[in-house]
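Trainee: All I have is the shape, not the residue letters:
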């Protein structure tokens, strides 16, 4: 076991080719929540994101960088970051995107609410939430994905697939990160499903999701296919008592 952190909360930000966004997201995170720490999980980005992250970490001791050997999926990046957080003794783990689609200004509210629940979700689909710069196709895919999750898995949350979340470390231990199998975007619905099955106290707060300004979206047909299979697999696990 490595030395533990005296800080309570850490923000985990996976990156792949996010060099253009990283300086801004770093500045915004610490402007909103300066007492937090930041872990950048980089999948050997060919654009130099990992090297830039190292430069930031050398200047700011609140920042750490986890380098992985290649592009291994968003879900596995979050699991790696969560394992790091648990090992270091953090009490709260915030997961957010590197592309500025999640506004760090929501961090103080999330950290305030996590004191009385186990999971706080930044939700696009509750009152006062929403999306900016989304086309009709992207909106339809998101709506159908959430309907699919609620219908098959019995989830009551308005936003089942959102990635802006704040977890209590105790919840992650209860879930057991070794049980998580989703490697890509479908990790978001799996971790929510496992949290609900673990009887977590879940709260949703409204956020406005802003489509990325710099770089390219990582969402593709392969990710959508994995999402569909993940939901079916979780349903089967629930029916057979495996989760």
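Mentor: Thanks, I have it. Since the model is a prediction, treat every value here as computed from it, not as a measurement.

Trainee: where exactly do the strands run in the chain?
Mentor: 9-15, 37-42, 63-67, 92-95, 119-123, 130-132, 165-168, 202-206, 208-210 (DSSP state E).

Trainee: Could you give the separation of the second one from the chain centroid?
Mentor: The gap between the average C-alpha position of strand 37-42 and the chain average comes to 12 Å, counting by CA atoms, centre = their mean, to the nearest Å.

Trainee: Listing partners with orientation, what would you give for that strand?
Mentor: strand 9-15 (parallel), strand 63-67 (parallel) (DSSP bridges).

Trainee: nearest to residue 146, of the strands of the chain?
Mentor: strand 119-123 (10.2 Å; CB to CB). All C-beta atoms are positioned from the backbone trio N, CA, C, and that covers glycine.

Trainee: elements contacting the closest one?
Mentor: helix 107-113, strand 165-168, helix 187-197, strand 202-206 (3 or more CB pairs under 8 Å, 6 or more residues apart in numbering; DSSP states H and E).

Trainee: Now do the same contact list for the spatially most central residue of the chain.
Mentor: Centroid-nearest residue in the chain, with CA atoms, centre = their mean: residue 95, separated by 3.5 Å. The contact partners of residue 95, by CB atoms under 8 Å, 6 or more residues apart in numbering, come to 11-12, 78, 81-82, 163-167.

Trainee: Which one of the residues you listed is nearest to residue 91?
Mentor: Using CB to CB, the contacts of residue 95 come closest to residue 91 at residue 167, 10.0 Å.

Trainee: and the closest one, what does it touch?
Mentor: 82, 92-95, 114, 118-119, 195.

Trainee: nearest to residue 243, of the helices and strands packed on strand 119-123?
Mentor: So among the helices and strands packed on strand 119-123, helix 187-197 is nearest, using CB to CB, at 5.7 Å.

Trainee: just checking, what packs against that closest one?
Mentor: Using 3+ CB pairs under 8 Å, 6+ apart: helix 187-197 touches helix 74-88, strand 119-123, helix 136-153, strand 165-168, helix 169-175, strand 202-206, helix 221-239.

Trainee: okay if I get these as TSV plus mean pLDDT?
Mentor: Converted to TSV, those look like this (pLDDT from 0 to 100):
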stretch	mean pLDDT
helix 74-88	97
strand 119-123	98
helix 136-153	91
strand 165-168	98
helix 169-175	98
strand 202-206	98
helix 221-239	91
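
Trainee: Distance to residue 67 for those - can I get that in JSON lines?
Mentor: Shown next, in JSON lines, are those (distance: least, CB to CB, whole Å):
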{"stretch": "helix 74-88", "distance to residue 67": "10"}
{"stretch": "strand 119-123", "distance to residue 67": "27"}
{"stretch": "helix 136-153", "distance to residue 67": "31"}
{"stretch": "strand 165-168", "distance to residue 67": "23"}
{"stretch": "helix 169-175", "distance to residue 67": "22"}
{"stretch": "strand 202-206", "distance to residue 67": "32"}
{"stretch": "helix 221-239", "distance to residue 67": "23"}
